[in-house]
Structure formats: structure tokens, C-alpha cells
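1. please work out how this folds:
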Amino acid sequence: MSLKQKALSGFIWTYAEQSGGQIINFFVNILLARTLFPADFGILGLLFVFITIANVLVDGGMKVSIIRKKEVTERDYTTVFFANILMSCLLYVIIFFLAPYIADFYKKPQLVSIMRVFSITIIIQAFVFVQSAILTKNLNFRQQTLMKLPSIILSSAIGISLALLDYGVWSLVWMYLTQTFFWALFHWIFSEWKPKWIFDKALFKFHFDFGYKLTIVEILNSVTANIYQIIIGKFYAIKDVGYYTQSLTVRQLPISNIYGAVSKLLLPIFSKVQDDPVRLTTIYKKILSIILVIITPILIYIAFFSEEIIVFLYSEKWKLAAPFLFYLSIAGVFNVIYTFNSSVLSIVGDSKLILKIEILNKLQRFIFIIISLILMLSIKSFLLVILISTIVNYFIVNHYTSKLLKISNLELLLVFSHIGLIAFLSTFSSYFIFNFFRFNSNPFLICLTSILFGLMVYVSLLYIFKRVIIISLLDFFKTLKPIS
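-> Below is the predicted model:
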């Protein structure tokens, strides 16, 4: 199999793993949310922050170091393997003894035992970092998918069973713990590589010297990505963390599965045309328009119907999560543009520019958080601050993107605002139809009618005002080569 065929196969299997895993988790999440309570998910939301950072430290960037090194020997693999194990054990001991202090910080005594059990996943995952790196290096994504999905299915069955038996938050703990266990077990059963008793200090230094820089960046990214859970858990109610994480799950499903797939197919084009400024600008605007046309109406629709969606998926007890979903969905539109522009800049720009944008991004986010804490804002006001911070991110990256691609800021803003306005009008019309007839008709029928009506309005307005985007979109679905 050629490298091109392997890459295509890798994309298909990676997308199958990502989409399949997310869809399974989404429906399992719905079942668990209907059985458990927001506070249960809030506790897990807090723990994931520490587990994510711990796993970054265990890996130490050495997995990437193995993948990028051209000539990798058995000594490389075993050295990194034992380094991962030792680091994971050390971090588990640290977390074990820090658990009471973390519980005191959040004023949640039950966190002590939960954190000590849940943190075992750190050690389990350390046993398969190398096997996973080998499979990735060999572009064997098929095997990874065939191990990941059964792990999710088996652990989900355990989690649902325990939830039905009234184990509460422990059903979530054991679900994620067993998922990690099955994932590791399958690696050891089906992977050809097994460690030998070798540890090379020189090779450890080589991989560590490369990896620690990535680790610092990843820790900063992990802290920043999870900072809102930390703040909400400390200064607001624990159930609010549950509302936040569950709303984020709903919002991310369309973003990950639609934007994720589109970006993987389209972004490599930029690397081929980066030396042709005129063509680069034309392609950028077309791709941006296509992404906005697909993602914007979905996220605005989720925002408008946030309460109905939350109650339908998670039941009436989750109704207070509606404002979370509303603000996060609107923020999601700006976040998609930010992510897309950042990806483009990483290809056609330079690392200093990316670093500058990331620093500005994190700096303004922390400033907004500090102001919110000083003013002691309510949780709804804090959600508005999250939205404002995301919009500021959008303007920062928009400024540098327009400067690099020699497009006016106003032109980029108009591309976004035109599609946003069309999406808003169509969603508003759908929302109006839904609320006008909701008490006089079959709920399912009126919901379906309102969605179809809104979609019809959206397509009609696009056809009238943005016909060229529809043509590009149709070309994409017909040929998978919308831009050439």
C-alpha cells in the first residue's frame, strides 16, 4: 500500500473512530444524564482537568518524539515505555496525597476517594503510550479504531448498569476507568510490540529534550481549555460545572464531526498554494464561506432552541443548563472561525506569529476571568463574559489573518456577518413557527415543520444573496474537490 493510500485509509479510520466514539458517547451521555444529576457530572468535570494535565506530563511529548524520529529502535521504545510508567506512578502518588487539599479547595470532601480511584487511569494509560505511538507511526489507524470503539461500548454498558443501580457519580468513575482498562488491554493483546528490560539514559535525554517543550505548551493549553471548569467549580455551584460540560458536549458534536472532517479535507490545499497570494486569498474566502454556511445555522439553531434541546435530551431536571448551551453555541460560531484561521496561519504564517496570537488569546481570557471574579458576577453574567472573550479571540486572529492574506478586516467581517444574519433570520422564522403552533399541534410534527421551514428560508436566502457559495458547496459534495 502506497503512502497516499495509507494516508487516505488513515483518514477514513480516524474519522470513523472520532465520529463513532463521539456518537456512542453522546447517546450514552443522554442515558446517564437522565439517570444521574448535574452535580455528578460536575464532579467528573473537575477531575478531568487534573487527569488531562497528568496525562500530558506522563507522555512528556515523547510520543511525538518517537513518531517523528526516522530511525527508531527497540531501545527507543522500551526507554520511553519505562519512563512513562515511572512518571505515571510518581504523579499518581502526588495526586493521592494532594486529593484532600484539592477537595478542601472545592469544599467537596467526596472528591478525595473519587480522585484517588479515578486517577488510576493515569497509570493504565501509561502502559500503552508506546503501543499507540507505534500504530500511529505505521499509519495503522484501523487497528486503533477496532480497539477504541469496543472499549467505549463495553465501558458504557458498565456505566449505564451502575447508574441504574444508583451508584451515582461512581458509575461515571467506573465507566471511564474500565474504558481506559479495556483500551489498554486490547493494545496488549493485539499489539505485536512488547517491552524488554532496556533503559537507555542517552535516548531518554534525547526524547525528553524534544518533548518537554511540547509538554509545557500542552500544559498551558490544557489549563486554558479547562480554566472555566476550574473557576465555575470554585466560585459557583458544582452542578454548574455539570451544566457547562454537558452543554459543551452538545455544542461540540456538530463542530467536531462537520468542521473536523471539512478541515482535514481542505486545509492541505493551503500548503500547495501558499506561494500564490491571489489564489491563496480566493481559496481562503471560499473555504471560510463553505464552513460558515454549514456550521453557523446549526449552532444558532442550537442556541435558539437551547431549552427545548436540553429538556428533550436530558429531561426537565437539566433545564437550568439552557443558558449555558445558548451562550456556548453562539461562542462556538466565533470559535470555529478562530480555529480555522489559526490553522491557516500555521500553514502560511510563521511560528512567532502563532505564538503571539496564542499569548494574546490566553492573556485576554485571564483578564476577563479576573474582572469577573472582582465584580463577583452571577453565573449567567460569567457565561456572557465567556462569549465576549471568544469574540475578542475572533477579532485578534481576524486582524492577523487579514494582514497576512492582504484582505481588509471589513471584508472578512462582512463574509461572516452576511451568513450569520441569514442564519439568524432563518432560525428566528423557525423559532417563531415552533412557538406559534407548539400548544395547538402535535409536538413532534410542529418541531419537524419548524425545522423544515427554517431550512427552506435559509436555502432561499442563500440562493438570493449568496448563490456563489451554494455552487461551491455543491461542487464540493459532487467531486470532493471544490477548489482547484
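2. quick one: average confidence on stretch 152-162?
-> Averaged across stretch 152-162, the pLDDT comes to 94.
3. now it: how far from the chain's centre is it?
-> Its chain's C-alpha centre and that of stretch 152-162 lie 22 Å apart, by C-alpha atoms, centre = their mean, to the nearest Å.
4. any buried residues in it, and which?
-> For stretch 152-162, the neighbour count (16 or more other C-beta atoms under 10 Å) marks Ile152, Leu154, Ser155, Ser156, Ile158, Gly159, Ile160, Leu162 as buried. Every C-beta, even on glycine, is put in place using the N, C-alpha and C of the backbone.
5. ok, residues contacting the host helix or strand of Val241?
-> Assigned by DSSP states H and E, Val241 belongs to helix 238-254. For helix 238-254, contacts defined as C-beta atoms under 8 Å, 6 or more residues apart in numbering pick out 22-23, 26, 29, 33, 37-46, 106, 108, 228-229, 232-233, 295, 298-299, 302, 306, 309-310, 313-314, 318, 320-321, 324-325, 328-329, 332, 379.
6. sitting in strands, which of those do you find?
-> Of the contacts of helix 238-254, none are assigned to strands by DSSP state E.
7. show the buried residues in those.
-> 22, 29, 33, 38-46, 106, 108, 228-229, 232-233, 295, 298-299, 302, 306, 309-310, 313-314, 318, 320-321, 324-325, 328-329, 332, 379.
8. can you pull out the low-pLDDT segments for the stretch 151-300 of the chain?
-> 213-214, 217, 259-276 (pLDDT under 70).
9. again, only using 80
-> 191-192, 207-225, 256-280, 282-283 (pLDDT under 80).
10. now do the helices in it.
-> Taking DSSP state H, counting those that start in this stretch, the helices of the stretch 151-300 of the chain run over residues 169-190, 201-235, 238-254, 260-266, 268-273, 277-304.
11. determine which stretch of those is the most buried.
-> Counting by mean count of other C-beta atoms under 10 Å, helix 238-254 has the highest mean neighbour count of these, with a mean of 23.
12. need the helices of the stretch 151-300 of the chain in CSV with distance to Ile94, can you?
-> Below are the helices of the stretch 151-300 of the chain laid out as CSV (distance: least, C-beta to C-beta, whole Å):
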stretch, distance to Ile94
helix 169-190, 19
helix 201-235, 15
helix 238-254, 23
helix 260-266, 34
helix 268-273, 41
helix 277-304, 39
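13. can you tell which of the ones you listed is closest to Leu90?
-> Proximity to Leu90 (C-beta to C-beta) singles out helix 201-235 among the helices of the stretch 151-300 of the chain, at 14.5 Å.
14. if we can go back for a sec, from the buried residues of stretch 152-162, which ones fall inside strands?
-> Among those, no member lies in strands (by DSSP E).
15. what is the nearest of those to Glu411?
-> For those, the nearest to Glu411 is Ile152 (43.8 Å; C-beta to C-beta).
16. surely the closest one touches Gln179?
-> Yes. Under the criterion of C-beta atoms under 8 Å, Ile152 makes contact with Gln179 at 6.1 Å.
17. what do the two both touch?
-> Taking C-beta under 8 Å, 6+ apart as the contact rule, Ile152 and Gln179 have no neighbour in common.
18. the closest residue in space to Arg365 that isn't next to it in sequence sits in which helix or strand?
-> With C-beta to C-beta, 6 or more residues apart in numbering as the criterion, Arg365 has its nearest non-adjacent residue at 5.2 Å, and that residue is Ser389. Using DSSP H and E, Ser389 sits within helix 379-405.
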